[in-house]
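Asks: dropping the sequence and predicted coords here.
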Amino acid sequence: MTGSSFAAGGVAKGPFLPDVAVVGAGPIGLAIAWRCAVRGLRVAVHDPAPGSGAAHVAAGMLAPVAEAYFGEHELTGLLTASAARWPAFAAELTDAAGADLGYRTDGTLLVGLTADDLAEASRLWGYQQGLGLPVTPLRPSELRDREPALAPRVRGGALAATDHQVDPRRLLPALRIAAERAGVTLVPGAVRRLSDVAADVTVVAAGCGAAALTGLPVRPVKGQVLRLRAPGGGAPGFRHVIRGYADGEHVYLVPRDSGEVVVGATVEERADLVVSAGAVLRLLRAAVDLMPELVEYDLVETLAGRRPGTPDNAPILGPLPGRPDVLAATGHHRHGIVLTPVTADLIADLIVTGRPDPLLAPFTPDRFGPVPAGVTSGRQQPTAEEESWN
Ligand code: GLY
């Protein structure tokens, strides 16, 4: 692939034909559009219901350390690179949109309720420490000095001081404002096939819907999430993000200044969006076991979303095999929010310069082999299973 084969902006066009068409107005699509527009490209973003996808459900943890899992070295590298971009990205976006993102840097506590839970948790953070990531084990008394509201029977934990959070429900509108101020056009309406859009370069940032558009192996991974609210309009009684094991159940608690606490999440190999009583029960029980005061909170929302999963849990970033004019930016699975800055920067760079950053190398679409012939020829038809990408 050479730069001249698809770098956008080189062809004179009529007033309405964009250099870049982005399919999907989630955080990834909007951030790519914003980054391209500030670099002088004409950009259209296509989405029938902007901001209604997985990011609306997501908790917004920026957790390259806590989410560094066994055997995912390359993904961990990308998570770390993107998290390092978050402070500047948040500052620039706050300025561009004139909006507060709910970006907070209080850090994350990793905790285990029972001795077995602590053994499981510490096995993972031992691995993370081995990678040189900043995880500091804490005695129970040190944990409670940091968060007195933790249950007295929590056996131990660790601090991931550099794992932070942002509020996706503030991030999405901010990205939309920044993108529109930079000249991006939002086009309502579903894109059923790549030939529905016209531009030098098409970016497919359509989450799970990328599968039907591109043939890439992106599958829905259901996550059920609860939202609680502190009583009396106050802030939650804890500041850190809490990630813990409680009697074998994994749960995270994300406190916001607004009084909201996001409690998540199930990880299920299914595509429906049903909220089940059993999932609510397990999440609430684990949450209250770790943070007893939550039993007094209001339960204000139960919701399920579809994470765009891939065979290796890593995103798919770059040109489709045989279609250098079509870039994938999908498959972010559990990490869409933290990976937004690096994805936007690398994809915008690739479009502007035609040169892929070395960081992209492990994540290219061709690692999964050829895409279906219909995609390569630009004439693919939607399958019977095709789902809306929202
Ligand atoms: N990253 C959190 C989740 O996917 O539930």
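Replies: Done, it's in. Note that this is a predicted model, so its numbers are computed, not measured. Residues are numbered from 1 along each chain as shown.

Asks: mind listing what the residue nearest to the spatial centre of the chain touches?
Replies: Residue closest to the average C-alpha location in the chain (CA atoms, centre = their mean): Gly336, at 1.5 Å. By CB atoms under 8 Å, 6 or more residues apart in numbering, the contact set of Gly336 is 26-28, 54-55, 58, 207, 307-308. Where you see a C-beta, it was placed from the backbone N, CA and C, and this is true even at glycine.

Asks: give me that answer again for 6 Å
Replies: Residues near Gly336 by CB atoms under 6 Å, 6 or more residues apart in numbering: none.

Asks: now do it against Phe238, distance only.
Replies: 25 Å (CB to CB, to the nearest Å).

Asks: excluding residues flanking it in the chain, which one is nearest Arg39?
Replies: Val352 (5.3 Å; CB to CB, 6 or more residues apart in numbering).

Asks: neighbours of the one you found, how many?
Replies: 19 (other CB atoms under 10 Å).

Asks: now do the same for Asp116: helix, strand or coil?
Replies: Following DSSP: H, G, I helix; E, B strand; the rest coil, Asp116 is assigned to helix.

Asks: ok, it to Asp247 distance?
Replies: Distance from Asp116 to Asp247, by CB to CB: 8 Å.

Asks: next: Ala66.
Replies: Ala66 is 20 Å from Asp247, by CB to CB.

Asks: also Ser52?
Replies: 34 Å.

Asks: these two: which has the busier surroundings?
Replies: Per other CB under 10 Å, whichever of Ser52 and Asp247 has more neighbours is Ser52, with 16 against 12.

Asks: helix or strand: which one has the more buried one?
Replies: Take DSSP states H and E as the rule and Ser52 turns out to sit in neither a helix nor a strand.

Asks: show me the helices in the stretch 151-300 of the chain, by range?
Replies: Here the stretch 151-300 of the chain has its helices, by DSSP state H, counting those that start in this stretch, at 168-181, 210-214, 277-290.

Asks: closest one to Ala90 among those?
Replies: Smallest distance to Ala90 across the helices of the stretch 151-300 of the chain (CB to CB): 8.9 Å, for helix 168-181.

Asks: can you tell me the residue of the stretch 101-250 of the chain closest to the ligand?
Replies: Going by CB to the nearest ligand atom, the ligand is nearest to Gly223 of the stretch 101-250 of the chain, at 5.0 Å.

Asks: same question for the stretch 151-300 of the chain.
Replies: Ala265 (3.7 Å).

Asks: give the bridge partners for the nearest residue to that residue once chain neighbours are set aside, please.
Replies: Computed as CB to CB, 6+ apart, the closest residue to Ala265 that is not its neighbour in sequence is Gly223, at 4.1 Å. Beta-bridge pairing of Gly223 under DSSP bridges involves Gly305.

Asks: export stretch 235-243 as CSV, just CAs?
Replies: Extracted C-alpha coordinates of stretch 235-243, given in CSV (Å, rounded to 0.1, in the frame of the first residue of the first chain):
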residue,chain,number,x,y,z
ALA,A,235,-21.8,12.5,45.5
PRO,A,236,-21.1,8.8,46.1
GLY,A,237,-19.2,8.0,49.3
PHE,A,238,-16.1,6.9,47.4
ARG,A,239,-13.8,8.5,44.8
HIS,A,240,-11.8,5.7,43.2
VAL,A,241,-13.0,3.3,40.6
ILE,A,242,-13.4,0.0,42.4
ARG,A,243,-12.7,-3.2,40.5
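
Asks: is the longest helix anywhere in the chain positioned near the ligand?
Replies: When the chain is scanned for its longest helix (criterion: DSSP state H), the result is helix 73-97. No - figure legend: helix 73-97 not in contact with the ligand (CB under 6 Å from any ligand atom); closest approach 10.4 Å.

Asks: buried sites along the next helix or strand after that helix?
Replies: Per DSSP H and E, the first helix or strand lying C-terminal to helix 73-97 is strand 108-112. Neighbour-count burial for strand 108-112 flags 108-112 (criterion: 16 or more other CB atoms under 10 Å).

Asks: what of stretch 110-126?
Replies: Buried residues in stretch 110-126 (16+ other CB under 10 Å): 110-114, 117-118, 121-122, 124-125.

Asks: which residues of this structure lie near the ligand?
Replies: Within the chain, the positions lying close to the ligand (CB under 6 Å from any ligand atom) are 59, 61, 223, 264-265, 307, 334.

Asks: the one helix or strand Arg144 maps to - what's its average pLDDT?
Replies: Applying DSSP H and E as the criterion places Arg144 in helix 140-146. The pLDDT scores in helix 140-146 average 95.

Asks: measure the closest residue to Ala149 other than its chain neighbours to Tyr297 for me?
Replies: Nearest non-adjacent residue to Ala149, counting by CB to CB, 6+ apart: Gly237, 4.4 Å away. Separation of Gly237 from Tyr297 (CB to CB): 10 Å.
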